[in-house]
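# dropping a prediction and its sequence here:
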Amino acid sequence: MKNTEFNKSWETVTKEKSIWEYMYIKDHSLYFEKDDNTIKLTSYKTKDLPKRTSKLTIAGNILVNLSTLGNIMSRCPGTEEVTLYSLLSTPQSGFFGTSFDAKLLRIVAPPITWRRVAVESTIRYTLKKYISDYKEPFVFMDIGSGCGFDGLEINRIADRMQDLCKEQYVPTDNEIINIDISSKWLHNNEVLCDLLCKKNSNTKRYNISIFDYLEQKLYEQDCKGKKNLIVSCNGFAEFLDDETLTKLYMGIRKIAGIFTGRVHIILPFSIKDDYQQKIADKIGFGYRAKPRLLMENLIGNIFPQYYQSFEEKYSQIVMTLERKSDF
């Protein structure tokens, strides 16, 4: 197939509704709706959210009673609940209507939304290379996957490209590995996978922490004999201490060492911003972004055989590491 035909098909597929565009928030609940199927993914009502693990300040206690987003952030920091609520930005009513929730969304949502979209764009760009240039399947490992929307979107695009590019090989036998401590979100992934992935799902789900996955060496059975790897590891740098984050990144490097072909690692993280940290401290949220130089040195020292590229906005960085061919 000529490049112009491929590009036309790619443009068609990427202009279609993405996985995230089938969601909406109504009455403090998040829904996924496609065709005649409506699936409730989560509730944002206080009675349905986890208990807080950290003590809030006086200002924090006031805020969480006035804003649904504030309440979610205090109970589910760094989770799918916060990301999707910010992404959809549909203020829900509190004690004084929606005004406080809307105000907090205007502050919090832009960096979270930009980072989410940047990760999605990076994965999509990498997927395009595999389909158009490499013509090889890969393993996509989503660490802290939540509902595994990135894997679902990969399957959606690959399946649609296979439909449109009938005379060209499209790697649809990719494998998705979702690792997350939330059984609820992994169950949601399984439900959505059954609904959306009519042809190829090839999805494994591990309801354990990434550190248990590494310690049990489950990656050895998952990755043995596989050639190419894409890793997405989102939301850890802001909540782990330096030693634990180093342990995580070294574990990812060990997994990558099993693969003989291409390796792409996507590492989104916040860099320390005094204003954002001041807000977090004032409210009492357990958020600790690290200085840029610390993160650059940490990643550079652990992954010396990788090219680095990144996008940055709102004190958020989405870094992509690509292993050098002479590793």
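That came through, no problem. Residues are numbered from 1 along each chain as shown.
# list the helices and strands the helix or strand harbouring I279 packs on?
Assigned by DSSP states H and E, I279 falls within helix 274-283. Where contact means 3 or more Cβ pairs under 8 Å, 6 or more residues apart in numbering; DSSP states H and E, helix 274-283 is packed against helix 58-66. Every residue, glycine included, has its C-beta placed from N, CA and C.
# where does the residue lying closest to T246 once chain neighbours are set aside sit: helix, strand or coil?
Spatial nearest neighbour of T246, excluding adjacent residues (Cβ to Cβ, 6 or more residues apart in numbering): L298 at 6.4 Å. Of the three states, L298 takes helix under DSSP: H, G, I helix; E, B strand; the rest coil.
# does L298 really touch L248, like I thought?
No: with contact defined as Cβ atoms under 8 Å, L298 does not reach L248; the gap is 10.5 Å.
# and those two? which has more neighbours close in?
Ranked by neighbour count (other Cβ atoms under 10 Å), L298 and L248 place L248 first, with 21 against 16.
# got the buried residues for the helix or strand hosting that one?
Following DSSP H and E, one finds L248 within helix 242-256. Buried residues in helix 242-256, counted by 16 or more other Cβ atoms under 10 Å: 245, 248-249, 251-253, 255-256.
# now do stretch 152-170
Residues of stretch 152-170 classed as buried by neighbour count (16+ other Cβ under 10 Å): 152-162, 164-165, 168, 170.
# mean confidence score for the helix holding I279?
The predicted model assigns helix 274-283 a mean pLDDT of 72.
# just want the angle from it to helix 58-66.
90 degrees (axes from the mean of the first three to the mean of the last three Cα atoms, to 10 degrees).
# which parts of helix 274-283 are buried?
In helix 274-283, counting by 16+ other Cβ under 10 Å, buried: 276-277, 279-280, 283.
# same check, this time on stretch 45-62
In stretch 45-62, counting by 16+ other Cβ under 10 Å, buried: 49, 52, 56, 60.
# pull the distance from that stretch to the chain's centre.
Mean-position distance between stretch 45-62 and its chain equals 24 Å (Cα atoms, centre = their mean, to the nearest Å).
# so of the buried residues of stretch 45-62, which ones are in helices?
Under the assignment DSSP state H, the buried residues of stretch 45-62 contribute G60 to helices.
# now the strands for this structure?
23-26, 29-34, 37-43, 139-143, 175-179, 203-206, 229-233, 263-270, 306-313, 316-323 (DSSP state E).
# buried deepest among these, which one?
Using mean count of other Cβ atoms under 10 Å, the stretch among these with the largest mean neighbour count is strand 139-143, at a mean of 26.
# what mean pLDDT does that strand get?
Computed over strand 139-143, the average pLDDT equals 97.
# helices or strands up against it?
Packed next to strand 139-143, using 3+ Cβ pairs under 8 Å, 6+ apart, are helix 149-164, strand 175-179, strand 229-233.
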